[in-house]
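Participant: Structure, please.
(2 chains)
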Amino acid sequence: MQQLIYFIQKYKYFLFFLLLQIIGFTLTINNHSYHRSKFISSANAITGGVYEKKSNLRNYLNLKDENQILIEENLALKNKLSKLEYFLDSVYAKTVIDTNSFNQQFKFIDGKISKNEFHKPYNYLTINRGLKHGVEKEMAVINNKGIIGITDAASNSYSRVRSILNRNSKVNARLKSSPYFGSLSWDGKDYNIVQLHDIPREAKINLGDTIMTGGNSTIFPKGILIGTVIDKTNGINIKLFNDMSNLENVYIIKNFHQKEIKALENVNNE
Amino acid sequence: MSRKPFYLAIIFVSLILIQVLVLNNIRFLGYVNPYIYIAFIFVYPYKTNRFPIISLAFLLGLLVDMFADSGGIHAMATALIAYLRPSFFRTFFQKTEVDYEFFQMNQESFGKIFNFVASLTIIHHFVVFLLVNFSFSNLLSVLINTILSAIFSLILYFLGNFILTRKQQ
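Facilitator: Sure thing, here's the model as predicted:
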């Protein structure tokens, strides 16, 4: 007993240091695992608030560019709308289902990025929407150009997004021209380029082909744009449509059928 | 004497804010990221009881981690250099615990201070980049990141130190 007390007395700093290192290491490991609630994250009240202030200032300075982007998007949407109106006037009028009032599968929630990063191997973003806006874990985050990531932790008014530029991210993706699908991940090197894996050999892939989300997961709807194939000699490299270093307005997609689909898939597994 | 903890608290908070709001966005040449918040470890008074400095270092790192979404990486690295500080102090300044009371950083020669600060900074940066990478596969890029970022951190630290100490005189 005497020896033990003497030992602790002698190495008390080292033991304390070791304890802290173990706590730190546990937090680091936790941060790398998928489905955990995370309290050391940028989605809590203090860190979220500071980032919100900062992004407010930056948003003001970027107003001009953002307006331009919104105008472009409005233009695209108006074009689509006019097409639909054309259909409504013709024989299709009776078969149109108003998806807004019932049977709606996806709901879009708008949001702003308050913290963005792209230079690490495991990148996370923070957005200014949380539980009180209807944002939960495992919802898709996109913008007008393409995919951005998947939410992985939500507090009351902020959520953390696991960027597509995160070595843990895997997204179901397919070719636009044919229904072959694979999974999309990132090797951690260039923030403009991601990799497509597990695509069948039969799939014919040409340089310049467009890649979009496959709709096989419950998170992303089918047909969200991702990027174009720029290299297929060593793996299939895809250049993202999004410039991940310059993001501001995003949409979060809620899938109302997520629980139903998951419940069904779990039954099949047993 | 009683104003010292107050100054330290201000330094603590302002270092975190500078780190999080300004320096984490630099990414010069793509990946270089200076970490200046460890300056707190160098300016914290030297005492025989080492529990406060190690715990404060851990807390400082943990706060930076919260903002950077990096789990406990900075907390580990910062606690490590806080733990190593006394032995490096002994090696580079050739002083013992008896001298803690009268030690003042700006009365030492620049060479000694530089060796002390540089070695702790490089250790901290190496641990951070190694843990950020989270595997042993890209060791070369870890080393390049460490060296480039350490150079920037050191330039910033000595510039800041120079400006602030001149003002007080």
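Participant: Residue A:220 and residue A:212 touch, don't they?
Facilitator: No. Here residue A:220 lies out of contact with residue A:212, judged by Cβ atoms under 8 Å, at a distance of 9.3 Å. Heads up, the C-betas are built off the backbone N, CA and C, glycines and all.
Participant: got the phi/psi numbers for residue A:243?
Facilitator: Dihedral pair for residue A:243: phi -90, psi 100, per degrees, to the nearest 10.
Participant: quick one: which of residue A:220 and residue A:212 has more around it?
Facilitator: When residue A:220 and residue A:212 are compared for neighbours, residue A:220 comes out ahead with 25 against 19, by other Cβ atoms under 10 Å in any protein chain shown.
Participant: To which secondary structure element is residue 82 assigned?
Facilitator: If you meant another chain, say so; for now it's chain A. Residue A:82 belongs to helix A:63-89 when assigned by DSSP states H and E.
Participant: I was thinking of chain B, sorry if that wasn't clear
Facilitator: Using DSSP H and E, residue B:82 falls in helix B:73-93.
Participant: Equivalent analysis for residue A:160, please.
Facilitator: Using DSSP H and E, residue A:160 falls in strand A:159-166.
Participant: strands paired with that strand, and their directions?
Facilitator: strand A:122-127 (antiparallel), strand A:147-154 (antiparallel) (DSSP bridges).
Participant: Contact residues of chain A facing chain B?
Facilitator: A:13-14, A:16-17, A:20-21, A:23-32, A:40-42, A:44, A:46-47, A:50-51, A:54, A:115, A:117, A:119-122, A:124, A:126, A:160, A:188 (Cβ under 8 Å from any Cβ of the partner chain).
Participant: ok so, going back, could you tell me the average pLDDT over the strand holding residue A:160, please?
Facilitator: Average pLDDT, strand A:159-166: 90.
Participant: Export it to CSV, keeping only CA atoms.
Facilitator: Listed next in CSV are the C-alpha coordinates belonging to strand A:159-166 (Å, rounded to 0.1, in the frame of the first residue of the first chain):
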residue,chain,number,x,y,z
SER,A,159,-26.5,20.4,-37.5
ARG,A,160,-23.3,18.9,-38.5
VAL,A,161,-22.9,17.6,-42.1
ARG,A,162,-20.4,14.8,-43.0
SER,A,163,-19.1,16.3,-46.3
ILE,A,164,-18.8,14.1,-49.4
LEU,A,165,-15.1,15.0,-48.9
ASN,A,166,-14.8,12.7,-45.9
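Participant: can you list the residues that contact it?
Facilitator: A:38, A:41-43, A:117-118, A:121-127, A:129-130, A:135, A:141, A:147-154, A:168-169, A:171, A:184, A:186, A:191, A:194, A:240, A:244, A:252, B:69 (Cβ atoms under 8 Å, 6 or more residues apart in numbering or on different chains).
Participant: Please spell out the ChimeraX selection for the buried subset of those.
Facilitator: Only the buried members of those enter the following ChimeraX selection, criterion being 16 or more other Cβ atoms under 10 Å in any protein chain shown:
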select /A:38,41,42,43,117,118,121,122,123,124,125,126,127,129,130,135,141,147,148,149,150,151,152,153,154,169,171,184,186,191,194,240,244,252 /B:69
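Participant: ok and the residue in the stretch 101-250 of chain A nearest chain B?
Facilitator: residue A:124 (3.9 Å; Cβ to the nearest Cβ).
Participant: Is that residue in contact with residue B:69, as I believe?
Facilitator: Yes. Counting by Cβ under 8 Å, residue A:124 does reach residue B:69; the two are 3.9 Å apart.
Participant: just to revisit the earlier point, contact partners for the residue of the stretch 101-250 of chain A closest to chain B?
Facilitator: A:41-42, A:117, A:152, A:160-163, A:166, B:69.
Participant: ok, residue A:260 - how many residues close by?
Facilitator: Residue A:260, neighbours per other Cβ under 10 Å, totals 11.
Participant: Sticking with it, tell me its helix or strand.
Facilitator: Using DSSP H and E, residue A:260 falls in helix A:258-269.
Participant: Just the C-alphas of that helix, formatted as CSV.
Facilitator: Taking Å, rounded to 0.1, in the frame of the first residue of the first chain, the C-alpha atoms of helix A:258-269 are listed here in CSV:
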residue,chain,number,x,y,z
GLN,A,258,-37.1,6.6,-44.8
LYS,A,259,-38.5,4.8,-41.8
GLU,A,260,-40.9,2.7,-43.9
ILE,A,261,-38.2,1.6,-46.3
LYS,A,262,-35.7,0.8,-43.5
ALA,A,263,-38.2,-1.2,-41.6
LEU,A,264,-39.0,-3.2,-44.7
GLU,A,265,-35.3,-3.8,-45.5
ASN,A,266,-34.7,-5.0,-41.9
VAL,A,267,-37.4,-7.6,-42.2
ASN,A,268,-35.8,-9.0,-45.3
ASN,A,269,-32.5,-9.4,-43.6
